[in-house]
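K.L.:
following is a predicted model, sequence given first.
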Amino acid sequence: MYKILSKKNLRDGTTMMEIDAPHVAKKAQAGQFIIFRVDKFGERVPLTIAGVSDAGVRIVFDSAGASTAMLANLDAGDFIQDFVGPLGKATHLNKDAKRICVVCGGVGSAAALPIAKAYFELGGVHVDIIASFKGAEFVILEEDMRAVSHELYMMTDDGSYGEQGFVTGKLAELIESGAAYDEVITIGAPIMMKFVAQTTKPYGIKTVASMNPIMIDGTGMCGCCRVSVGGKMLFACVEGPEFDAHEIDFDSLMKRNTYYMSEEQKSRESCRLIWGWGQ
Amino acid sequence: MSGSGVNKSPKKVDMPVLDGKKRATNFREVSLGYTAEMAMVEAARCLNCVHKPCVAGCPVNVQIPEFIMKVKEGDFAEAYEIVTATNSLPAMCGRVCPQENQCEALCVRCRNGESVGIGRLERFVADWAMENLCRLEYLSDSLAGKKVAVVGAGPAGLTCAADLTRLGVKVTIFEALHDVGGVLQYGIPEFRLPKAVVAHEIDNLRRLGVKIRLNVVVGRSISVDELLEGHDAVFLGTGAGLPSFMGIEGENLLGVYSANEWLTRINLLNAYDKNYDTPLKGAKHVAVIGGGNVAMDAARCAKRVGAENVTIVYRRTENEMPARLEEIHHAKEEGIIFKLLTNPVRILGDESGLVNGLECVEMEMGEVDASGRRGAAPKSGSNFVMEADAVVVAIGTSPNPLVASSAADLETTRKGTVVADENMRTTKAKVFAGGDIVSGAATVINAMGQGKVAAAAIAEYLRE
């Protein structure tokens, strides 16, 4: 059992928690993830690590499915059944880079924080962050992102906060105006990452995307998280989660991620939170 | 039958099983085991040979005639003592060992009929002991004060842990998943190896003092070198977990699973039970590719979760199938269709990416190849499409690279297996390994045998 050390609602529907797992915190590096299970009936759910402290591992999640909704319903002092990590390979830090850009969206902003921080703390790298949200009420972690970047560009789809527009427009604008990025790292919805990859490709800028496929064990055992990268089948859990964005087959990834959508819907409707189980 | 007489029947006493059609709709154990009376009658078939050929066929060296004689006398407690002197997990072995290729293959009674039902008798003894609350005993305390870390709570790790603990070693098992047992938990289904049996045998180890730490991925959460800081030796039993795919078109379609994923959803995460959250897609026509025990397990699970047609697709004939005869037989009884001399060439899908067919080619058997097996070659122009809305790929697994890749000076082969000598010593000091991580995908009992050899070598090393 793993204790929830703290809990904060970042906005309606997005929760930040710190989980008591010092052995994970000690090892965690930027770009890695954990898998949690709320209780013995629960699914194994992967989440990218959003930060660590001496005692705990920070996770940020949207209440999108039954498991995340159940987790969000718990409070500081409660326990969850399982918490395992850190999993996946750490972000490969390009220490020769002069300038990089982290492009993130929605809850992916939380997962982008450790990556931006790792580059920021190298000292010699200029770190830009472009963060995109649907609207003002969806904005999270702005100050945290500002603290680990030299420039933070806040974007909303409807213009209700920051600049109106998509991350791709901003990214192209910055590149065109002379930002010489050695690397772009993108983390968020697959559709956003796909278009970020398309944006940087003509400029030949190395671009890395962090995958979030459906996953079970997280140790290479089930093959569920397979992603097609440059025509090769790779397992995101052990060979990723970060891959060359110009080589990823995003369309296949997006299709695979929708496979259990109807079950997700059903389980939300009959969520054990509301109805209890065994009925 | 008197206690001393030999039962001359050429056939084993039948073991009762659930009816094929009825059992294919639930996960209850198929084979029901012997009653005490059946066990004693079967035990009387043993000739108690002086040269004990059967023992040579047992990877964990169970003293077979001795325990069978005790069964014949009705002294089941003593029989349990004899079995567990060398095998700490008899209820599992009695169920999943391929005895027909091991101890039973060497039984003298085979010359004139069926072998003694050694596996069935071992299972009987273990189940009797479970009901009668027998416990594993310490064998000595000669290694008290020593500490060993075991990586992986599968058959190799559990056996190694049991043997060392029974010599007084303090053993901690580190397991990556949230439950113990490895393939015994996520792979082999409930109807063949009930999870309560797995839990009971592991509880026996816990009672002896084995500590099990779940959710620790050695190679990520902690390194082998860090384990060596707090332990006198390390045993790696991380298995061959990485599933192989065929490399044919359509393997990323929705509804294509590795056997590991399919079985893990069902066995480890209970996806067939609506009380659990892990989803499982309903499928009507399931094609399972492969001819091993894992393929049989996957197919029989598919039937039980509601598929109408379940087909085993295998490129050679039934004679070449690596699965145990009993598993093939049980699968057929349950209505699994066998499509032999058939090889998949492409998985077909609809516009939304869902599997809707499996294109195959017919095969014909050729000459014996370098591997000693008869090769199979496609018949040109014989392509056809099978209806399928789920495809399970059960063509094998390769070693999990996580641990080895994180431990410098641990030599591995090109296939990814860890190099170990006949005593399961690796190239890294104080580190031993056994099971599928050394031999590549093999059987539960092979892994247990290597776990046992490693435990003996570790014990010897600790005494130095």
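P.N.:
Noted; the coordinates are in hand. Numbering: from 1, shown residues only, chains lettered A, B, ... in the order given.
K.L.:
domain ranges for chain B?
P.N.:
The record's domain split for chain B, according to automatic domain parsing, is B:20-131, B:147-241+B:398-463, B:245-395.
K.L.:
mean pLDDT and distance to A:Thr68 added to those, as TSV?
P.N.:
(Glycine included, C-beta is placed from N, CA and C.) TSV is the format used below for these (pLDDT from 0 to 100; distance: least, CB to CB, whole Å):
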stretch	mean pLDDT	distance to A:Thr68
domain B:20-131	93	29
domain B:147-241+B:398-463	93	18
domain B:245-395	92	11
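K.L.:
what sits against the nearest residue to A:Pro22 once chain neighbours are set aside?
P.N.:
Spatial nearest neighbour of A:Pro22, chain neighbours left out: A:Ala55 (5.7 Å); criterion: CB to CB, 6 or more residues apart in numbering or on different chains. Taking CB atoms under 8 Å, 6 or more residues apart in numbering or on different chains, we find A:Ala55 in contact with A:5, A:18, A:20, A:22, A:25.
K.L.:
out of the residues you listed, list just those in strands.
P.N.:
Cross-referencing the contacts of A:Ala55 against strands under DSSP state E gives A:5, A:18, A:20.
K.L.:
which of the contacts of A:Ala55 are buried?
P.N.:
Buried members of these, counted by 16 or more other CB atoms under 10 Å in any protein chain shown: A:5, A:18, A:20, A:25.
K.L.:
my read: the second one touches A:Tyr2, true?
P.N.:
Going back to what we said before, that points to A:Glu18. No - with contact defined as CB atoms under 8 Å, A:Glu18 does not reach A:Tyr2; the gap is 10.7 Å.
K.L.:
so where do the helices sit in the stretch 151-279 of chain A?
P.N.:
Secondary structure of the stretch 151-279 of chain A (DSSP state H, counting those that start in this stretch): helices at A:167-176, A:190-200, A:236-239, A:250-257, A:261-269, A:272-275.
K.L.:
tell me which of the ones you listed is the most buried.
P.N.:
Burial of these is given as mean neighbour count (mean count of other CB atoms under 10 Å in any protein chain shown); helix A:236-239 ranks first at a mean of 25.
K.L.:
for the stretch 51-200 of chain B, what lies in contact range of chain A?
P.N.:
Contact residues, the stretch 51-200 of chain B versus chain A (CB under 8 Å from any CB of the partner chain): B:176-178, B:186.
K.L.:
before we move on, the earlier item: could you point out which of the ones in strands among the contacts of A:Ala55 is nearest to B:Asn215?
P.N.:
Distance to B:Asn215, by CB to CB, is smallest for A:Asp20 among the ones in strands among the contacts of A:Ala55, at 12.8 Å.
K.L.:
can you pull out the low-pLDDT segments for chain A?
P.N.:
Applying pLDDT under 70 to chain A flags the ranges A:264-279.
K.L.:
do that again at 90, thanks
P.N.:
Low-confidence segments of chain A, defined by pLDDT under 90: A:40, A:42, A:53-55, A:63-67, A:212-221, A:223-225, A:236-237, A:252-279.
K.L.:
per-domain residue ranges of it.
P.N.:
Following automatic domain parsing, chain A resolves into domains at A:2-87, A:91-200.
K.L.:
what's the closest of the ones you listed to B:Val62?
P.N.:
domain A:2-87 (34.5 Å).
K.L.:
which SS class is B:Arg111?
P.N.:
At B:Arg111 the chain is in helix, as set by DSSP: H, G, I helix; E, B strand; the rest coil.
K.L.:
distance check, it against B:Leu139.
P.N.:
36 Å (CB to CB, to the nearest Å).
K.L.:
sorry, back to before: closest one of the ones in strands among the contacts of A:Ala55 to chain B?
P.N.:
Nearest to chain B among the ones in strands among the contacts of A:Ala55: A:Asp20, at 12.8 Å, using CB to the nearest CB.
K.L.:
biggest helix in chain A, by residue count?
P.N.:
helix A:108-122 (DSSP state H).
K.L.:
so what are the sheet partners of the next helix or strand after that one and their directions?
P.N.:
For helix A:108-122, the following helix or strand on the C-terminal side (DSSP states H and E) is strand A:126-133. Neighbouring strands of strand A:126-133 in its sheet, by DSSP bridges, are strand A:99-105 (parallel), strand A:151-156 (parallel).
K.L.:
closest one to B:Ala457 among those?
P.N.:
Of all those, the one in closest proximity to B:Ala457, counting by CB to CB, is strand A:99-105 (50.2 Å).
K.L.:
in what helix or strand does A:Val84 lie?
P.N.:
Assigned by DSSP H and E, A:Val84 falls in strand A:82-87.
K.L.:
ok, residues contacting that strand?
P.N.:
Outside strand A:82-87, the residues within contact range by CB under 8 Å, 6+ apart are A:2, A:19, A:21, A:24, A:27-29, A:32-37, A:42, A:44, A:46, A:49, A:57, A:218-219, A:237, B:176, B:178, B:214-217, B:220-221.
K.L.:
which of those fall in helices?
P.N.:
If you go by DSSP H, these have A:24, A:27, A:237 in helices.
K.L.:
for chain B, see how far away the last one is.
P.N.:
It stands for A:Cys237. A:Cys237 sits 10 Å away from chain B when distances are taken as CB to the nearest CB, to the nearest Å.
K.L.:
nearest residue to B:Glu249 in space, please, no chain neighbours.
P.N.:
Closest residue in space to B:Glu249, ignoring its immediate chain neighbours: B:Arg346 at 4.6 Å, by CB to CB, 6+ apart.
K.L.:
the one you found belongs to a strand?
P.N.:
Yes - counting by three-state DSSP, B:Arg346 is part of a strand.
K.L.:
tell me who's in contact with it.
P.N.:
By CB under 8 Å, 6+ apart, the contact list for B:Arg346 reads B:248-250, B:358-359.
K.L.:
what of B:Gly119?
P.N.:
Counted by CB under 8 Å, 6+ apart, B:Gly119 has contacts B:93-95, B:97, B:99, B:103-104.
K.L.:
buried ones in the host helix or strand of it, by neighbour count?
P.N.:
Per DSSP H and E, B:Gly119 falls inside helix B:118-131. For helix B:118-131, the neighbour count (16+ other CB under 10 Å) marks B:118-130 as buried.
K.L.:
ok, the residue nearest to B:Pro90 when sequence neighbours are not counted - contacts?
P.N.:
Distance criterion CB to CB, 6+ apart; nearest residue to B:Pro90, sequence neighbours excluded, is B:Ala126 at 3.9 Å. With contacts defined as CB under 8 Å, 6+ apart, B:Ala126 is in contact with B:80, B:83, B:90-91, B:93-94.
K.L.:
and those as TSV, adding neighbour count?
P.N.:
Converted to TSV, the contacts of B:Ala126 look like this (neighbours: other CB atoms under 10 Å in any protein chain shown):
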residue	neighbour count
B:Tyr80	24
B:Val83	28
B:Pro90	27
B:Ala91	27
B:Cys93	26
B:Gly94	24
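K.L.:
need the max-distance pair from these.
P.N.:
B:Tyr80 and B:Cys93 (13.0 Å).
K.L.:
which residues in the stretch 201-350 of chain B form helices?
P.N.:
Secondary structure of the stretch 201-350 of chain B by DSSP H, counting those that start in this stretch: the helices cover B:224-230, B:259-263, B:293-304, B:325-333.
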